[in-house]
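In: give me a 3D structure for the following:
(one chain, ligands or ions: 1)
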Amino acid sequence: MLKLNQVSAQYNMLNGYVKAVDKVDFEVRRNEIFGIAGESGCGKSTLLKVMYDLIQYPLEIASGSVEVHTSDRKGTPAIYRNGEIHKSWWKDISYVPQGAMHVMNPVTRVKNQFFDTISKFHGVKNKRTLEHEITAYLKELELPPEVLKAYPHQLSGGMRQRVLIALATFLHPSIVLADEPTTALDVVVQRGILTMLSQVQKKLMNSMVIVSHDMGVHYQITNRMGIMYAGQMIEIGPTDRIFNEPKHPYTQMLINALPRIGDNSQKEGIPGTPPSLKNPPAGCRFAARCPHAMEVCRIVEPERVNVGEGHYASCHLLN
Ligand code: SF4
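Out: The predicted model follows:
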């Protein structure tokens, strides 16, 4: 459904380039939830913008391509590439941005936000018919139709997030991209949002990409996932394999740092900080923090190695 071919993206700043995404290569399959994990500043959200073709200065694509594979109204296969993916926004690919509080227009009722978005991208429909369709869809998602009359500030954080998910999936897109959909929500509301996303995906049988720094989110909801570090995707595979058999030292340290019920051992964080993406180091970008770093790691960039069953990692230890 979605294919990234060696994509690199950068921010063109006054004093140089920040290379936020480096040669990222993977695909998202039909009828799956794909997770992207990594610590803050590793390039996850930039990657999502690149997938959505939301390229605005100072962000630019340096190399590679993104493809959205879909079909037209007659069922004929169609491919949108970066630079034209915006033509398929909302209908074929949609986006749930980070921060439900800030992305909705504070002076417009929810109903009009639906009307504006849908008519902007897909032509004006009869408003009464459209309102009936929106109300029916909200009911399907177990949202009260009264939210349509509300202004964003009258809704709780969880309800705003649900409304955004409903808006993003109203036209039944083949691909939904969600950026940190549970951030800043308490754990009970988080669970409700994850359940909703999972139910919507099952109902539409589409593809979803969830970006989150929270490994618990990936464990609960994703089928496959990729781990990003300093702009690169250093490990990718089925979620259960990533959690049970992580191969890259960074992923192993991430998983070991997670709390587990019944485990009272002292958890250790990952020492050090990621490198600057303005001038990333040669070789493996994790070398300065890796307990297994060898001489070769500081000179030669590790290649991606197949470690079994659709599971890949980039580390010299695996060669
Ligand atoms: Fe560590 Fe070397 Fe593997 Fe990088 S390539 S993760 S530095 S062992």
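In: got the residues of the stretch 201-319 of the chain near the ligand?
Out: Proximity of the stretch 201-319 of the chain to the ligand, by Cβ under 6 Å from any ligand atom, involves residues 248-249, 284, 286-287, 290, 292-294, 297, 302, 315-317. Backbone N, C-alpha and C define where each C-beta goes, glycine included.
In: now render these as JSON lines, adding distance to Gly64.
Out: Shown next, in JSON lines, are these (distance: Cβ to Cβ, whole Å):
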{"residue": "His248", "distance to Gly64": "22"}
{"residue": "Pro249", "distance to Gly64": "26"}
{"residue": "Cys284", "distance to Gly64": "21"}
{"residue": "Phe286", "distance to Gly64": "22"}
{"residue": "Ala287", "distance to Gly64": "24"}
{"residue": "Cys290", "distance to Gly64": "26"}
{"residue": "His292", "distance to Gly64": "29"}
{"residue": "Ala293", "distance to Gly64": "28"}
{"residue": "Met294", "distance to Gly64": "29"}
{"residue": "Cys297", "distance to Gly64": "25"}
{"residue": "Pro302", "distance to Gly64": "19"}
{"residue": "Cys315", "distance to Gly64": "22"}
{"residue": "His316", "distance to Gly64": "24"}
{"residue": "Leu317", "distance to Gly64": "27"}
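In: for PyMOL, what selects the buried ones among these?
Out: Selection of buried members from those for PyMOL, criterion 16 or more other Cβ atoms under 10 Å:
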select buried, resi 248+249+284+286+287+290+293+297+302+315+316
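In: Serialize the residues of the stretch 201-319 of the chain next to the ligand to TSV and add fields for pLDDT and secondary structure.
Out: Below are those laid out as TSV (pLDDT from 0 to 100; DSSP: H, G, I helix; E, B strand; the rest coil):
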residue	pLDDT	secondary structure
His248	98	coil
Pro249	97	helix
Cys284	98	coil
Phe286	97	coil
Ala287	97	helix
Cys290	97	coil
His292	97	coil
Ala293	97	coil
Met294	97	coil
Cys297	98	helix
Pro302	97	coil
Cys315	98	coil
His316	98	helix
Leu317	97	helix
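In: show me the two of the residues of the stretch 201-319 of the chain next to the ligand that sit farthest apart.
Out: Using Cβ to Cβ, those span at most 14.6 Å, a distance reached by His248 and Met294.
In: which of the residues of the stretch 201-319 of the chain next to the ligand lies closest to Arg191?
Out: The closest of these, once distances to Arg191 are taken by Cβ to Cβ, is His248, at 28.9 Å.
In: pretty sure the closest one contacts His311?
Out: No. Counting by Cβ atoms under 8 Å, His248 stays clear of His311, with 10.5 Å between them.
In: buried sites along stretch 180-193?
Out: Buried-residue list, stretch 180-193, by 16+ other Cβ under 10 Å: 180-183, 185, 189-190, 192-193.
In: next step: the residues you listed restricted to helices.
Out: 189-190, 192-193 (DSSP state H).
In: for the ligand, what's the nearest residue on the stretch 51-200 of the chain?
Out: Gly64 (22.4 Å; Cβ to the nearest ligand atom).
In: His69: which of the buried residues of stretch 180-193 is nearest?
Out: Pro181 (23.9 Å).
In: re the thing from before, overlap in contacts of His248 and His311?
Out: The overlap between the contact sets of His248 and His311 (Cβ atoms under 8 Å, 6 or more residues apart in numbering) consists of Glu235.
In: which residues touch Lys23?
Out: Under the criterion of Cβ under 8 Å, 6+ apart, the neighbours of Lys23 are 6-8, 63-64, 232.
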